[in-house]
Each structure stands twice: as C-alpha cells, then as structure tokens.
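Colleague: got a structure for you, letters missing:
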C-alpha cells in the first residue's frame, strides 16, 4: 500500500481510529473494549475515535472520554466499505486499528484510498470461519488480496498466524502474535456477584454465539449420553437457538437443558457451576475458555484450531472416544460425541475437578491485560514510527 509521506510531523498528536463491527455480545467485542478501557494513559497522548459499523445493541462499555461514531451498515460489506470511507475522510486518521473480518476489509479499502496506516486484528481461524459463510470462495479471495495491503496483522495465536501464512499467502514478517487479554481480577470480582439465574454445582455451563462453528449440538448430544446428574446451561444467543432447543427435546432432556440467552454477568453463573465446556469446531484463541479458568472451574474443550491446545498446554494427537488430560481439564477431538461424553463422565470426581480448577486458575496469569495492552501499543508505535520516518 503506497502511503502518504510525512503524515505525522513533530509536535502533532497522532490520530487513531479504532474500528469494529459493533459492541454486541462476543469475544472480539469484549477484547476490543478491554484493550481500550485499559489504555487510558496512552489514549491521552493521541486523538482517538471509535467507529462502530452496525447499530446492534451494545453489551460492552467504552471509555467515556472516547469519541464514538455509530454507522448503520446493517451487517453489509459494501455499506461498511462506504461508511468507513466517509468516516476516514471526516477524521483523517494516521492509523486505523480494526477488529473482525468485515471491519478489516473496510479498513484496508479505506487505507488504499486515503493512504494512512492500517493494522488488522484477526480474531479467528480465518479459513474455518470463512468456510461457514454464504460465499466462502469469494470471501477467501477478498481476505487473501485485501489483507496483503495491511501494514501489520495481529493474530491471537500461533495457529491463526500460521493459517494466514499458509492459506492466504500473507508475509510472516507483518504478523504479530498477541494472545487475548483476560482481566482475571475483574472476572473474579464479577464472579462473586449474585448470579442472574439459578445455578448449582451439579450444572455444566457453556457460553458463546449460537452458530454452527460453536457446535453446541455436539455438547447437547454428549451431555445426553453422559452420566452427569445436573443440567446443561448454554449462555448466549444466535440463529441456531431453535434447532438446538429442538435437539434437546428430541433427546428427552426437558428442563435439564437451559438456554437463557445473553447474560450480562456470565461469570457469576460459570463460577457456581461444576464444569465449563467448549465444544467448538474453530476458535481464534477462545476467550471463554480462559475466562472460565479465571472463574475457578475445570474445563473441557475440543482440540479445535487454534487456541485450546495452546491455552491448556497440550499439543498431541487424541484418540477418538477418549479424553486427554491437560492443564485445567480435558481436551477431546472435534466432533467426537463419545470423547466429549467420556470427558464429562471423568469430571464426576469432585477431587479431580478441584485439582484441575486450581491448575487452570494458575494458567490464566499468562494472559494478563497489562501485557496484551503493552504489546498492542508497541505495534501501533512501531507502525506510526515507520510512518514518521517515511516523512
């Protein structure tokens, strides 16, 4: 991408634009707001603006001093590209930092037109994520040819970085790996609050968007086959609600399956459960897995690309129908109902669950907010510094 020379001059405050689809409930949105809320000192040194592409209900709060522009792109890529072009023209940033694929493509398009620096944050295993969309081949080509114009790309795990290089031919020297931050102190404090719904130590919890990649159908089937005595509570909302509720009825779960939707404070619920399960087919990093560990509960996860094995410190093959002991709990193969059911049954021992929960809580320290914030701003400083040198 050809850049305008000399955009940052001595004594000028850099102008930064932070871009994301919306602040609807989700892991990327939570990380976006966590980074900004922990950046008060650095935000005081720049002129910053946040642009939200869609007018979805906002589940997370931004720092009060930030200027926020809310577009109305209605989840459409072309509307997003046009909206970001207008926002960039109005604000004239020196650098845009964007989260999520649609926002990333819109950011790159604006960067090509206006010549400012662009940093993308890739939150998911991109290949697996695009494969579930309406036009996977077209989406793949747009990412492959669009992302190459970014000045830097921040990947949340080694696996996401490797996928960007192998499947999209993106240069490794422009990819930085920064794991998602987890504010363990905030989560623990929130976990002590009264939960928004009834919860018992014999209940299993899960959390995420009700979409195919999260694969909650696998968990429901495995739970129905297991000997677990309590309920399965799935926190989150999404287009698969009807089919998942129908599956629960077909399996005769009745009131043993609870799907209360989005919960403002999920940590108070998770912390009082006996077990947290992540059944995904693909994750960029898996915020919810680390957050559950911070809540002090043992976990089970599928060994999906790209985050769980890294988080749980086990990267070895898993036999079908079995559960692999790992830091904080068990890993099972993707789409392995028998393996998931076996892992749930192995968690019936309270003493083993307590030992695993302690190991998981200790592991969370590796993903502190302070460290992630420092590394995000190091990338921003590096890119802005390169821009100043060009001038």
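Modeller: Here it is on my side, so go on. Quantities reported herein were computed from a predicted structural model and do not represent experimental measurements.
Colleague: quick one: the strands in the stretch 151-300 of the chain?
Modeller: Taking DSSP state E, counting those that start in this stretch as the criterion, the stretch 151-300 of the chain carries its strands at 152-155, 175-177, 204-207, 232-235, 257-261, 275-278, 299-302.
Colleague: Pick the most buried one from those.
Modeller: Greatest average neighbour count among those goes to strand 299-302 (a mean of 30), per mean count of other C-beta atoms under 10 Å. C-betas here are computed from N, CA, C, even on glycine.
Colleague: Contact partners for the nearest residue to residue 348 once chain neighbours are set aside?
Modeller: Leaving aside its sequence neighbours, residue 348 sits nearest to residue 227 (C-beta to C-beta, 6 or more residues apart in numbering; 6.7 Å). Residues near residue 227 by C-beta atoms under 8 Å, 6 or more residues apart in numbering: 344-345, 348.
Colleague: Helices along the stretch 1-150 of the chain, start to end?
Modeller: 27-37, 40-43, 77-91, 101-114, 126-131, 136-147 (DSSP state H, counting those that start in this stretch).
Colleague: To residue 259, which of those helices lies closest?
Modeller: Nearest to residue 259, of all the helices of the stretch 1-150 of the chain, is helix 27-37, at 18.7 Å by C-beta to C-beta.
Colleague: What is the closest one packed up against?
Modeller: Here helix 27-37 touches strand 15-20, strand 95-99, helix 287-294, helix 369-390, going by 3 or more C-beta pairs under 8 Å, 6 or more residues apart in numbering; DSSP states H and E.
Colleague: circling back: check the gap between the residue nearest to residue 348 and residue 357 for me.
Modeller: Per C-beta to C-beta, to the nearest Å, residue 227 is found 20 Å from residue 357.
Colleague: Count the residues that sit near residue 375.
Modeller: Applying other C-beta atoms under 10 Å, we find 16 residues neighbouring residue 375.
Colleague: whoops, residue 337 was the one
Modeller: Residue 337: 19 surrounding residues under other C-beta under 10 Å.
Colleague: next one: residue 17
Modeller: By other C-beta under 10 Å, neighbour count at residue 17 equals 27.
Colleague: backbone phi and psi for residue 324, please?
Modeller: Note on residue 324: its backbone torsions stand at phi -100, psi 120 [degrees, to the nearest 10].
Colleague: Give me the pLDDT value at it.
Modeller: For residue 324, the model assigns a pLDDT of 96.
Colleague: wait, it sits on residue 314?
Modeller: Yes. The pair residue 324 / residue 314 is scored as a contact, 6.0 Å apart, by C-beta atoms under 8 Å.
Colleague: any common contacting residues for the two?
Modeller: Joint contacts of residue 324 and residue 314 (C-beta under 8 Å, 6+ apart) are residue 331.
Colleague: And the two? Which one has more around it.
Modeller: Per other C-beta under 10 Å, whichever of residue 324 and residue 314 has more neighbours is residue 324, with 19 against 16.
Colleague: and that one, what is it in contact with?
Modeller: 303, 314, 316, 318, 330-332.
Colleague: Now render the contacts of residue 227 as JSON lines, adding neighbour count, secondary structure and pLDDT.
Modeller: Shown next, in JSON lines, are the contacts of residue 227 (neighbours: other C-beta atoms under 10 Å; DSSP: H, G, I helix; E, B strand; the rest coil; pLDDT from 0 to 100):
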{"residue": "344", "neighbour count": "24", "secondary structure": "helix", "pLDDT": "98"}
{"residue": "345", "neighbour count": "15", "secondary structure": "helix", "pLDDT": "98"}
{"residue": "348", "neighbour count": "15", "secondary structure": "coil", "pLDDT": "97"}
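Colleague: Residue 379 and residue 154 touch, don't they?
Modeller: Yes. With contact defined as C-beta under 8 Å, residue 379 reaches residue 154; the gap is 6.3 Å.
Colleague: Need the overlap of contacts for those two.
Modeller: By C-beta under 8 Å, 6+ apart, residue 379 and residue 154 have these common neighbours: 119, 176, 178.
Colleague: Let me know the pLDDT of the first one.
Modeller: Note for residue 119: predicted pLDDT of 98.
Colleague: tell me which residues form a beta bridge with it?
Modeller: residue 97, residue 152 (DSSP bridges).
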